[in-house]
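In: Pasting the sequence and the predicted coordinates here, then a few questions.
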Amino acid sequence: MKLSRLLTSLNLPCPPENPEIIGLTCDSRQVKPGMLFAALPGARQDGTQFLREAEANGAAAVLAGAPLETELPSVTVSNPRESLAQLAGEFYCHPDRDLVTIAVTGTKGKTTTAHMIRDILQADGHKTGMIGTLGAFVGGALLEETGNTTPEPVTLHRILRNMADEGCTHAVLEVSSQAMKLGRVADIVFDAAVFLNLTPDHIGAGEHADFDEYRACKAALFRQCRLAVGNADDPNWPVIAGQIPDGIPVITFGEGKTARMCCVSVAPDGAQALATLLSVAGTGEPYRIPMPGRFNARNALAALTVCRALGVEDAAIREGLARVCVPGRTERFPTQNGVTVLIDYAHNGESMRALLAELAGYPHNRIITVFGAGGDRPPMRRADLGRAAAQGADFAVLTEDNPRSEPAEVICLQIARAIRGAIPCTILPDRRQAIRFALDLARPGDILALLGKGHEQYIETQGIRRHFSEWEVLEEYFGEKRGEG
């Protein structure tokens, strides 16, 4: 594609050279002859520092936020991040315009809600792509790992083009606040955008300066959509809704009577262990969700609200919700010894507190938790995790999560101090050993919750990620038990 055609998306004149552009990248190491290199500002380094490497690798042109000393055709823009998103859309022929796009945002629940929407659309006969924390999928098949919840714009538009070319009619995207802050989806007008919730998180160096900025980034999504769907129960929704431009329809969901889709009740499903029944006003019999808890019911309410608004029949909504399974999100491991084993991504105090409170509403003897806390993160998070476990669990096994540059033992001791002896706890820094200890400890009727890792298949220590799968540890353990029997 000629540079001049690319620049039509920015309404900018083309340099006289007008080279052929074979690809786009913001990583100088990935530059190949004929590619445009976008020198983006970063949290630690500026892309202009790598201009010479990009030139040496054969860059055909460069995009930057200020004039550069280079012989390459150079394009100067005021916001290079948003401009790159527009160039990516043009380069890949605006794949989002060939798809019905649904964005999901919120502090918690994005991954689960995206899976629910995907499964409902699939049940309605729509081949559906999905991009989020767990990767990029076409239907249930993994297309590729993405690294970020919302990929950088070049990767994002390339994946969307692949989905459209594969015959997808819909695409569901998890859109993070960082993606909005960094302009990763700046070129997309979503057919629908869903707001789940907002709590203080992602605030600090390299993320958001304060809560107001965090909320403003979430709100910005609803200025680039054709339909806004919001959680009427969240206290931040009125602020966000107040920024939605006139002419964009707004539909709300929640437990309050003012919500358009109103939850009447949430109750355990007596016919299925750790499953939930969601009753919604005006929809007949309850929806069955094979996941525990009110928070999963809220995610399901969000998913069914946006899908109904997009014209999906109720039968498909029921079918999709009834079969949803999200890796690492209240995911049950099959056992035959009477112990219920769950794997969940809950890695902060609020999410752990909510999960344990929900599990307490189901028949059980004890709730045993295995968890740790991330290293190189604020110590207050560890204290909050400890307090959450003390409030909602009967026994805690403290172990490594991603200790990074810190000793796992030190992190575990900080958590233990916050528990303050409220419940028995054991420190076993090796996570495999900790899980096996908890499995030996558990008795029929107990619920064992492995928390913090969820879908992750690694543990990060001293800059190195080693493979670690909780599912594999469980398979190994129960395989040995079957062999002994």
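Out: Done, it's in.

In: Residue 283 against residue 315, yeah?
Out: No. Judged on C-beta atoms under 8 Å, residue 283 makes no contact with residue 315 at a distance of 11.5 Å. Heads up, the C-betas are built off the backbone N, CA and C, glycines and all.

In: More neighbours: which of the two?
Out: Set side by side, residue 283 and residue 315 show more neighbours around residue 283, with 17 against 10, by other C-beta atoms under 10 Å.

In: do you know how far the more buried one is from residue 262?
Out: Using C-beta to C-beta, to the nearest Å, residue 283 is found at 10 Å from residue 262.

In: Equivalent analysis for residue 94, please.
Out: Taken as C-beta to C-beta, the span from residue 94 to residue 262 is 37 Å.

In: how about the helices in the stretch 251-400 of the chain?
Out: Taking DSSP state H, counting those that start in this stretch as the criterion, the stretch 251-400 of the chain carries its helices at 294-309, 314-322, 349-359, 379-392.

In: Out of the ones you listed, which gets nearest to residue 49?
Out: Relative to residue 49, the nearest member of the helices of the stretch 251-400 of the chain by C-beta to C-beta is helix 379-392, separated by 32.7 Å.

In: tell me the centre residue of this structure?
Out: For the chain, the residue sitting closest to the mean C-alpha position, by C-alpha atoms, centre = their mean, is residue 133 at 4.0 Å.

In: quick one: contacts for it?
Out: Applying C-beta atoms under 8 Å, 6 or more residues apart in numbering to residue 133 gives the contacts 110, 111, 149, 174, 455.

In: what's the closest of those to residue 76?
Out: Of all the contacts of residue 133, residue 76 sits closest to residue 149, with 30.4 Å by C-beta to C-beta.

In: quick one, domains of the chain?
Out: Split into domains by automatic domain parsing, the chain comes to 3-91, 95-322, 331-484.

In: Mean pLDDT for those domains - can I get that in a markdown table?
Out: As requested, those are exported to a markdown table (pLDDT from 0 to 100):
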| stretch | mean pLDDT |
| --- | --- |
| domain 3-91 | 95 |
| domain 95-322 | 94 |
| domain 331-484 | 96 |
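
In: Just give the number of residues close to residue 312.
Out: Neighbours of residue 312 (other C-beta under 10 Å): 21.

In: and of the helices of the stretch 251-400 of the chain, who's closest to residue 451?
Out: Closest of these to residue 451 is helix 349-359, at 6.1 Å (criterion: C-beta to C-beta).

In: Would you mark the buried spots in the closest one?
Out: For helix 349-359, a neighbour-count test (16 or more other C-beta atoms under 10 Å) marks 349, 350, 351, 352, 353, 354, 355, 356, 358, 359 as buried.

In: Could you check how far the third one is from residue 240?
Out: So that's residue 351. Residue 351 sits 21 Å away from residue 240, taking C-beta to C-beta as the criterion.

In: next one: the fourth one
Out: Summarising the geometry, the distance separating residue 352 from residue 240, computed by C-beta to C-beta, is 26 Å.

In: One more: the second one?
Out: Counting by C-beta to C-beta, the gap between residue 350 and residue 240 amounts to 20 Å.

In: before we move on, back to that, tell me which of the helices of the stretch 251-400 of the chain sits most buried.
Out: For those, the largest average neighbour count (mean count of other C-beta atoms under 10 Å) is found in helix 294-309, namely a mean of 26.

In: In the host helix or strand of residue 416, which of the residues would be classed as buried?
Out: Assigned by DSSP states H and E, residue 416 falls within helix 408-419. Within helix 408-419, the residues scored as buried using 16+ other C-beta under 10 Å are 408, 411, 412, 414, 415, 416, 418, 419.

In: The residues you listed into CSV, with extra columns for distance to residue 211?
Out: Shown next, in CSV, are those (distance: C-beta to C-beta, whole Å):
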residue, distance to residue 211
408, 30
411, 26
412, 30
414, 25
415, 25
416, 30
418, 23
419, 28
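
In: Looking at those, spot the one nearest residue 7.
Out: When the buried residues of helix 408-419 are compared for distance to residue 7 (C-beta to C-beta), residue 411 comes out closest, at 50.2 Å.

In: Leaving out chain neighbours, which residue sits closest to that closest one?
Out: Nearest residue to residue 411 in three dimensions, chain neighbours excluded: residue 373, at 5.3 Å (C-beta to C-beta, 6 or more residues apart in numbering).

In: hey, which strand is longest across the protein?
Out: strand 261-268 (DSSP state E).

In: Convert the C-alpha atoms of that one to PDB, please.
Out: Coordinates of each C-alpha in strand 261-268 appear next as PDB, following Å, rounded to 0.1, in the frame of the first residue of the first chain:
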ATOM      1  CA  MET A 261     -33.100  -5.200  32.400                       C
ATOM      2  CA  CYS A 262     -33.900  -5.800  36.100                       C
ATOM      3  CA  CYS A 263     -32.600  -8.700  38.100                       C
ATOM      4  CA  VAL A 264     -35.300 -10.100  40.300                       C
ATOM      5  CA  SER A 265     -33.300 -12.800  42.100                       C
ATOM      6  CA  VAL A 266     -30.100 -14.800  42.200                       C
ATOM      7  CA  ALA A 267     -30.100 -18.200  43.800                       C
ATOM      8  CA  PRO A 268     -28.000 -21.400  43.900                       C
END
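
In: end-to-end on stretch 238-250?
Out: Its first and final residues considered, stretch 238-250 spans 12 Å by C-alpha to C-alpha, to the nearest Å.

In: ok, and for that stretch, which residues are buried?
Out: 240, 241, 244.

In: Redo those residues as TSV? Include secondary structure and distance to residue 439.
Out: As requested, the buried residues of stretch 238-250 are exported to TSV (DSSP: H, G, I helix; E, B strand; the rest coil; distance: C-beta to C-beta, whole Å):
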residue	secondary structure	distance to residue 439
240	helix	44
241	helix	47
244	coil	49
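
In: Nearest to residue 1 among those?
Out: residue 244 (35.0 Å).

In: any idea how far the closest one lies from residue 68?
Out: As defined by C-beta to C-beta, residue 244 lies at a distance of 39 Å from residue 68.

In: Name the SS class of the residue nearest to residue 33 when sequence neighbours are not counted, please.
Out: Among residues not flanking residue 33 along the chain, residue 58 sits closest, at 3.1 Å (C-beta to C-beta, 6+ apart). Assigned by DSSP: H, G, I helix; E, B strand; the rest coil, the conformation of residue 58 is coil.

In: Residue 58 and residue 23: what is the separation?
Out: For residue 58 relative to residue 23 (C-beta to C-beta), the value is 11 Å.

In: now residue 150
Out: 20 Å.

In: Which one's more surrounded, these two?
Out: Counted by other C-beta under 10 Å, residue 150 and residue 23 do not tie: residue 150 has more neighbours, with 25 against 16.

In: Find residues that contact each of residue 58 and residue 23.
Out: Common neighbours of residue 58 and residue 23 (C-beta under 8 Å, 6+ apart) are 32, 34, 35.

In: could I get those as JSON lines with distance to residue 309?
Out: Output for the shared contacts of residue 58 and residue 23, formatted as JSON lines (distance: C-beta to C-beta, whole Å):
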{"residue": "32", "distance to residue 309": "43"}
{"residue": "34", "distance to residue 309": "44"}
{"residue": "35", "distance to residue 309": "40"}
